[in-house]
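J.: sequence and predicted structure, then a few things I'm wondering about:
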Amino acid sequence: MKSFYTLQEALEALKQPVELTPEVRERMNRSVAFLAKYLSEATAPVYGVNTGFGSLQNVEISAQDLSALQENLLITHAAGVGNPLNMHLVRTMLWLKMLNMSKGYSALRPEIFERLSAMYNQQWYPVVTEQGSLGASGDLAPLSQMVLPLIGKGFLRHPQHGEISGEQWLAQNNWKPLQLGPKEALGLINGTQFMLAHALEAYRRIRNIVKQLPIVSALSVDAFDCRMDPFQTPIHRVRPHAGQLAAAAEIRAILEDSPNAKQAKKQVQDPYSFRCIPQVHGASYDALDHCLDMWETELNSVTDNPNVFEEENLVLSGGNFHGQPLALTLDYAAMALSELGSISERRTYLLVSGQRGLSPYLADGAGLDSGYMIAQYSAAALASQNKQLCTPASVDSIMSSNGQEDHVSMGANAATKLLRVIENIENILAVEWLCGAAALKQRGQATAPALQQGVDAFSKAYDIDHKSQPMQELIASAKGWLFPKMG
């Protein structure tokens with residue numbers, strides 16, 4: 001594994017097998033050896049190595065019980081509940097944990113890396129549930145679930161071969177349960193890998209949203225016969241937010257060759273959901289850029305505790321596992337994305353409103369045909385649910401561990417909410433795309449050649465007659481077209 005990854009490089013790396021390189025092996029061995037030497041010379045207990053955990057920090061553990069201490073930690077902390085995570089998210093968690101330990105500040109043996117990489121490469125993914133992490137001492141419950149198979153506990157799933165126990169997985173590899181050394185269980189379950197896996201998955205889907213958003217919205221601009229004035233450069237030159245400049249340029253570029261866009265318009269101004277696309281989309285772009293910068297820093301950070309520093313001859317216990325940098329940005333990303341869905345739904349509302357020569361609900365004979373009436377309802381329901389989901393998790397906290405962990409990030413809740421927001425936005429944009437295509441067809445005028453080509457290709461690939469099949473199938477087709485699932 002490399003020492004530094006961009007978010008995009010991490011997505012690409014997730015498609016490849018993981019191998020323990022000689023450089024990583026050496027770093028890990030040195031950290032283990034340093035911790036052993038440090039413990040042999042230490043005159044005071046070292047947290048989590050020969051003490052209890054959390055509020056039990058002052059309970060000293062005898063040398064003969066150190067391995068049992070670590071095993072008990074995994075068993076008692078694997079307290080997650082709820083639905084199992086999809087296997088791709090668990091795969092990402094495994095990769096992120098291996099990346100963290102590969103940096104050599106965690107005192108974890110290479111043998112642990114090798115067993116985790118075997119899970120990863122064999123596509124046997126531990127069963128990890130959605131709920132149970134406070135995002136404070138890292139993601140304790142889900143990470144404990146993830147590493148239970150190392151000691152023959154828990155369960156694993158395979159995309160083709162179903163579910164087996166941790167004991168069965170060890171047996172099929174001819175391995176015995178690992179005897180964990182000082183700090184090793186703690187190093188495995190302290191960290192932000194549950195939250196960060198969700199952030200990385202959010203990044204993958206955000207890229208696609210940002211790619212398709214200008215295409216969908218430009219189609220609506222042209223289909224609703226909007227003016228191009230709000231997208232012209234001078235307006236944005238005097239309020240030069242980077243996102244705003246980019247959003248305006250996107251619409252200009254897409255509709256540059258549209259015959260309809262060049263025609264004289266009757267209205268002096270358009271509603272905000274069209275006229276303020278650069279300002280609204282642009283503000284979200286800038287917010288998301290900030291979030292992605294923070295996520296990339298976290299991707300390349302060490303987030304377990306305590307950490308070993310051979311050069312300084314120190315073992316330091318701190319708070320790098322605390323999820324606050326992720327919690328705040330996961331919430332911020334959800335809000336930024338929700339606004340994109342909110343303004344999209346308003347454009348859909350106007351497209352089906354029966355204005356500007358379009359029939360009510362884009363129906364063929366309104367009354368007998370309800371057209372896209374209820375498709376807009378669905379978009380409205382999702383946009384409203386996103387507002388509810390955007391109540392920030394990160395402003396909440398709850399005391400745990402008998403007061404020792406008295407401020408928690410709630411970043412795991414922010415993480416799971418964010419993916420729900422993203423799913424909703426993909427469906428909202430799918431509805432807007434459908435309505436834009438229907439409005440353009442009803443208007444009987446071609447849009448920009450490249451955009452028209454996309455509409456034609458979609459229409460050819462799917463039956464989009466809203467009277468011949470349930471509307472849910474049309475929406476699913478549009479979502480699949482705009483946001484293809486991972487292979």
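T.: Sure thing, it's come through. Numbering: from 1, shown residues only.

J.: and residue 153, that one's in a helix?
T.: No: Residue 153: not assigned to a helix; according to DSSP: H, G, I helix; E, B strand; the rest coil it is coil.

J.: neighbours of the closest residue to it other than its chain neighbours, just the number please.
T.: Distance criterion Cβ to Cβ, 6 or more residues apart in numbering; nearest residue to residue 153, sequence neighbours excluded, is residue 166 at 4.9 Å. All C-beta atoms are positioned from the backbone trio N, CA, C, and that covers glycine. The number of residues packed near residue 166 is 21, by other Cβ atoms under 10 Å.

J.: in contact with residue 166, which residues?
T.: Counting by Cβ atoms under 8 Å, 6 or more residues apart in numbering, residue 166 touches 126, 148, 149, 150, 151, 152, 153, 154, 155, 156.

J.: the residue lying closest to the second one once chain neighbours are set aside and residue 122: what is the separation?
T.: Residue nearest to residue 148 in three dimensions, not counting chain neighbours: residue 154, with 3.0 Å by Cβ to Cβ, 6+ apart. When distance is defined by Cβ to Cβ, to the nearest Å, residue 154 is 15 Å away from residue 122.

J.: which one of the two has more residues nearby?
T.: Taking neighbours as other Cβ under 10 Å, residue 154 and residue 122 compare with residue 154 leading, 22 against 15.

J.: state the pLDDT value of the more buried one.
T.: The score at residue 154 is 97. That number is its pLDDT.

J.: ok, residue 195 next?
T.: The per-residue pLDDT of residue 195 was computed as 97.

J.: list the buried residues of the helix or strand hosting it.
T.: Applying DSSP states H and E as the criterion places residue 195 in helix 193-223. Across helix 193-223, burial judged by 16 or more other Cβ atoms under 10 Å covers 193-206, 209-210, 212-223.

J.: in the stretch 201-350 of the chain, which spans are strands?
T.: 307-309, 314-316 (DSSP state E, counting those that start in this stretch).

J.: what sits up against the first one?
T.: Applying Cβ under 8 Å, 6+ apart, the set of residues contacting strand 307-309 from outside is 31, 34, 35, 38, 105, 106, 107, 314, 315, 316, 318, 320.

J.: how much space separates the first one from residue 322?
T.: Applying Cβ to Cβ, one obtains 22 Å for the distance of residue 31 from residue 322.

J.: separation between the residue nearest to residue 153 and residue 189?
T.: Between residue 166 and residue 189 the computed distance is 15 Å (Cβ to Cβ).

J.: then residue 153?
T.: For residue 153 relative to residue 189 (Cβ to Cβ), the value is 13 Å.

J.: find residues that contact each of the two.
T.: With Cβ under 8 Å, 6+ apart as the test, residue 153 and residue 189 both reach residue 74.

J.: between the two, who's got more neighbours?
T.: The neighbour count for residue 153 versus residue 189, taken as other Cβ under 10 Å, is higher for residue 189 (28 against 20).

J.: and that one, what does it touch?
T.: Per Cβ under 8 Å, 6+ apart, neighbours of residue 189: 73, 74, 77, 138, 139, 140, 143, 144, 147.

J.: sorry, back to before: which among the strands of the stretch 201-350 of the chain is found nearest to residue 172?
T.: Residue 172 sits nearest to strand 307-309 of all the strands of the stretch 201-350 of the chain, at 33.7 Å, using Cβ to Cβ.

J.: partners of the closest one, with directions?
T.: Here strand 307-309 is paired, per DSSP bridges, with strand 314-316 (antiparallel).

J.: buried ones in the partner strand, by neighbour count?
T.: residue 315.

J.: what sits up against that strand?
T.: Strand 314-316 is contacted from outside by 35, 38, 46, 49, 306, 307, 308, 309, using Cβ under 8 Å, 6+ apart.

J.: looks like the first one contacts residue 49 (just checking).
T.: Yes: with contact taken as Cβ atoms under 8 Å, residue 35 and residue 49 are classed as touching, separated by 7.4 Å.

J.: quick one: common contacting residues for the two?
T.: Common neighbours of residue 35 and residue 49 (criterion: Cβ under 8 Å, 6+ apart): 182, 183, 315.

J.: can you count the residues close to the closest residue to the second one other than its chain neighbours?
T.: Nearest-residue entry for residue 183: residue 49, 4.8 Å, with adjacent residues in sequence omitted and distances by Cβ to Cβ, 6+ apart. Taking other Cβ under 10 Å as the criterion, the count of residues near residue 49 is 25.

J.: residue 442 reaches residue 361, doesn't it?
T.: No: using Cβ under 8 Å, residue 442 is not in contact with residue 361; the gap is 11.0 Å.

J.: the two: who's more crowded?
T.: Regarding residue 442 and residue 361, a neighbour count based on other Cβ under 10 Å identifies residue 361 as having more, with 23 against 17.

J.: how about the more buried one: what's its closest non-neighbour residue?
T.: Spatial nearest neighbour of residue 361, excluding adjacent residues (Cβ to Cβ, 6+ apart): residue 371 at 3.4 Å.

J.: ok, residue 157 next?
T.: Closest residue to residue 157 apart from its sequence neighbours, by Cβ to Cβ, 6+ apart: residue 163 at 4.9 Å.

J.: so what strands line up beside whichever strand or helix holds the one you found?
T.: Residue 163 belongs to strand 162-165 when assigned by DSSP H and E. Sheet pairing of strand 162-165 (DSSP bridges) gives strand 155-158 (antiparallel).

J.: burial of residue 81, as a residue count?
T.: Residue 81: 9 neighbours (other Cβ under 10 Å).

J.: let me know the pLDDT of it.
T.: At residue 81, pLDDT is 97.

J.: same question for residue 39.
T.: Predicted confidence (pLDDT) for residue 39: 87.

J.: list phi and psi for it.
T.: phi -70, psi -40 (degrees, to the nearest 10).

J.: surely it and residue 51 touch.
T.: No: if you go by Cβ under 8 Å, residue 39 and residue 51 don't touch, sitting 11.8 Å apart.

J.: hmm, back to that, who's in contact with the residue nearest to residue 148?
T.: When contacts are counted by Cβ under 8 Å, 6+ apart, residue 154 touches 78, 126, 127, 145, 148, 165, 166.

J.: so which helix or strand takes in the fourth one?
T.: In this case it means residue 145. Using DSSP H and E, residue 145 maps to helix 140-147.

J.: what helices or strands is that helix leaning on?
T.: Judged by 3 or more Cβ pairs under 8 Å, 6 or more residues apart in numbering; DSSP states H and E, helix 140-147 is in contact with helix 66-77, helix 87-102, strand 125-126, strand 129-131, helix 184-189, helix 193-223.

J.: now distance to residue 469 too, for those, in a markdown table please.
T.: Output for these, formatted as a markdown table (distance: least, Cβ to Cβ, whole Å):
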| stretch | distance to residue 469 |
| --- | --- |
| helix 66-77 | 49 |
| helix 87-102 | 30 |
| strand 125-126 | 36 |
| strand 129-131 | 33 |
| helix 184-189 | 49 |
| helix 193-223 | 21 |
